[in-house]
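**Student:** Sequence plus the predicted model coming up.
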Amino acid sequence: MGELFYNFGPTALGLVAALAITFYCWSRFRQASIAVLIWFILAIVVSQFPIFSQSQDSNQMDFLGFVIFGTLAFTPAAVLLYLAYRVESVNEKLKSISISALVLTQAYRVGGIFLILAYLQGDLPAEIGLVSGVLDVTIGITAVILAIYLKNDQYKAPRLVIAWAIVSLIDFSWATVMKFASFFGVIELDPAPIMLGNPPLLIISLFALPFGIFISVYLIVRLRAEISRK
């Protein structure tokens, strides 16, 4: 049962998050609903194939996998941020979505439990499985609490939301730095964090990671603008 939970849990949680976002945006921003659904379907398909070899050594194939992994994990966030600030119609639609709803999207970060499980199973080092896993779960739980707190007054605690979003980005940055440092031999992690680019955890890197980066950066920029107007 535990193995089944570990193998299918990340995809199941991502599906719940994708469907929830799709349903919420359907009457508000239908293009976003369709885009999220297509993105998640593509992420599911791609996540069935390992990007990294099981070898602990850095070889040419691993380097190619590293480039592919970085491109797939971070390009979607860059594209979303470009659309949010360079396409006026997208920007206006996003402004119609409440701060509490945007924060609540990060409830799926409780999926950090799967990173913790990967650490316990020996698939990830403590520096990522335990540290990032605990941070992810914390962000997910506080997302629900913060969204409830903001429900009746979206802009009553902009600095609190900004601080929360910064911690969210620190979480992503920590895992990214550890991954890069390990690959380039700056530090030695045991085991090497190749499972971030392999099933069943790859779906996290393809969907949850870039979407979380986008939401965090967007919230910081939007709320800083709100604070400057006051």
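**Tutor:** Structure received. Numbering: from 1, shown residues only.

**Student:** ok, then the element right after the worst-scoring helix or strand of the chain on mean pLDDT?
**Tutor:** The helix or strand of the chain with the poorest confidence is helix 60-86; it has a mean of 89 (mean pLDDT, DSSP states H and E). The element immediately downstream of helix 60-86 (helix or strand, assigned by DSSP states H and E) is helix 88-95.

**Student:** What is that following helix packed up against?
**Tutor:** helix 60-86 (3 or more C-beta pairs under 8 Å, 6 or more residues apart in numbering; DSSP states H and E). To be clear about C-beta, it is placed using only N, CA and C from the backbone, and glycine gets the same treatment.

**Student:** still on that earlier bit, relative orientation of the least confident helix or strand of the chain and helix 88-95 in degrees?
**Tutor:** 90 degrees (axes from the mean of the first three to the mean of the last three C-alpha atoms, to 10 degrees).

**Student:** Leaving out chain neighbours, which residue sits closest to His9?
**Tutor:** That one is not His; residue 9 is Gly. Phe114 (5.7 Å; C-beta to C-beta, 6 or more residues apart in numbering).

**Student:** Contacts only, for the one you found.
**Tutor:** Applying C-beta atoms under 8 Å, 6 or more residues apart in numbering, we find Phe114 in contact with Tyr6, Gly9, Pro10, Leu13, Gly133, Pro200, Leu201, Ile204.

**Student:** ok, it to Pro158 distance?
**Tutor:** Distance from Phe114 to Pro158, counting by C-beta to C-beta, to the nearest Å: 32 Å.

**Student:** And for Phe29?
**Tutor:** 22 Å.

**Student:** can you check Leu81 too?
**Tutor:** From Leu81 to Pro158 the distance is 19 Å (C-beta to C-beta).

**Student:** So for these two, which sits in the more crowded spot?
**Tutor:** Pro158 (20 against 16; other C-beta atoms under 10 Å).

**Student:** and the closest residue to the more buried one other than its chain neighbours, what element?
**Tutor:** Once flanking residues are discounted, Pro158 sits nearest to Leu223: 4.2 Å by C-beta to C-beta, 6+ apart. In the assignment (DSSP H and E), Leu223 maps to helix 209-229.

**Student:** could you pull out the helices for this structure?
**Tutor:** Remark: helices assigned in the chain by DSSP state H are 2-25, 30-46, 60-86, 88-95, 99-104, 112-120, 131-150, 158-183, 202-203, 209-229.

**Student:** closest one to Leu189 among those?
**Tutor:** helix 158-183 (4.5 Å; C-beta to C-beta).

**Student:** what's the distance between the closest one and the middle of its chain?
**Tutor:** 10 Å (C-alpha atoms, centre = their mean, to the nearest Å).

**Student:** Tell me who's in contact with Phe8.
**Tutor:** Applying C-beta under 8 Å, 6+ apart, the residues near Phe8 are Pro200.

**Student:** what residue ranges in this structure are flagged as low confidence?
**Tutor:** Across the chain, the ranges flagged by pLDDT under 70 are 1, 54-61.

**Student:** rewinding a little: what residues of the helix holding Leu223 count as buried?
**Tutor:** For helix 209-229, burial by neighbour count (16 or more other C-beta atoms under 10 Å) applies to 209-220, 222-223.

**Student:** Ok, stretch 166-174 next?
**Tutor:** Ser168, Asp171, Phe172.

**Student:** got it, and stretch 115-122?
**Tutor:** So, applying 16+ other C-beta under 10 Å, buried residues of stretch 115-122: Leu115, Ile116, Leu117, Ala118, Tyr119.
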